[in-house]
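Asker: Sequence and predicted structure below; questions after.
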Amino acid sequence: MSVQSYEDSEFGEIAIHRIKTARHIKIGLHVDGRLKATMPPRTPKILLKQLVNSSRTEIRKLLKQSSSSSPYRSGEAIGKKHSLLIVTGNKINIKKQKNTIIVTVPKNVDINSHEAQQVIRQEVIKALRKEAKEYLPQRLAMLADKLDCTYKRTRLSHASTRWGSCSSSGTISLNIALMKLPFNLIDYVIIHELCHTKELNHSNEFWRLVHQADPNYKKHIAEIKQYSPAI
């Protein structure tokens, strides 16, 4: 099986797995939430492009289903520095006390309801973005210098299905949800994207660069599957 990739303007990188036993093109998800396409060895990429264009609604639904995260719970750690405290009161209210996000929810409102969870989610995004802004660009610059990689700019996102990406123009996007990961896995994602500045695909040369920078990358790939980039 050979692995290539196709870059879509909406969905980003789609990993292509060419399998001898495949008869048709099939689009699905990796366990880590990234899109993948399995297809016969000699099928041209233009056919994958056509399938993506004709299946955008279905792909969006697939990504939406995969991005639904578990309900937020009181006492939960948010990123590296923040924590969540849920209390009861007269109305839904949010306040911060140092690094604690205090959410007040009325007794007659289910904490697992869409309304309550969306209020909490917005505050979690703010906290993770603050932490990411303080940590990720600096860590990216340090590892880029160490690995002799160059990039044009950094973008922080909260895409629901991917930890990071590197565009052909040299923009490295990093998900603020990286702040949920252990530091060694944050480094793996950054190293992965930095190696894309030299090899945009997932060729053997790309993985050689990753291994050179992170000899334990296979272990880190296995570990990161236990987490979701969804916030």
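Answerer: Cool, got the structure.
Asker: what are the ranges of the helices in the chain?
Answerer: Counting by DSSP state H, the chain has helices at residues 45-54, 56-67, 114-147, 183-195, 204-213, 217-224.
Asker: Output these in TSV; the columns should cover mean pLDDT, mean neighbour count and distance to Val103.
Answerer: All C-beta atoms are positioned from the backbone trio N, CA, C, and that covers glycine. Compiled in TSV, the helices of the chain are given as follows (pLDDT from 0 to 100; neighbours: other C-beta atoms under 10 Å; distance: least, C-beta to C-beta, whole Å):
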stretch	mean pLDDT	mean neighbour count	distance to Val103
helix 45-54	95	14	39
helix 56-67	77	13	22
helix 114-147	92	17	6
helix 183-195	98	21	26
helix 204-213	97	16	40
helix 217-224	96	15	29
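Asker: Contact partners for the closest residue to Arg162 other than its chain neighbours?
Answerer: What sits nearest to Arg162 in space, not counting adjacent residues and going by C-beta to C-beta, 6 or more residues apart in numbering, is Arg34, at 5.6 Å. Residues counted as contacts of Arg34 (C-beta atoms under 8 Å, 6 or more residues apart in numbering) are 13, 15, 161-162.
Asker: quick one: pLDDT of the closest residue to Pro40 other than its chain neighbours?
Answerer: Nearest in space to Pro40, with sequence neighbours left out and distances taken as C-beta to C-beta, 6+ apart, is Ala22 at 4.9 Å. pLDDT for Ala22: 91.
Asker: neighbours around Ala22, how many?
Answerer: Look at Ala22: counted by other C-beta atoms under 10 Å, it has 16 neighbours.
Asker: out of the helices of the chain, nearest to Glu76?
Answerer: helix 114-147 (9.0 Å; C-beta to C-beta).
Asker: which helices and strands sit right next to the closest one?
Answerer: In terms of contacts (3 or more C-beta pairs under 8 Å, 6 or more residues apart in numbering; DSSP states H and E), helix 114-147 is packed against strand 77-78, strand 82-89, strand 100-106, strand 153-157, strand 171-175, helix 183-195.
Asker: right, and these - which one's nearest Thr38?
Answerer: helix 183-195 (21.7 Å).
Asker: Surely Arg23 and Arg42 touch.
Answerer: No: Arg23 is beyond contact range of Arg42, at 12.0 Å (criterion: C-beta atoms under 8 Å).
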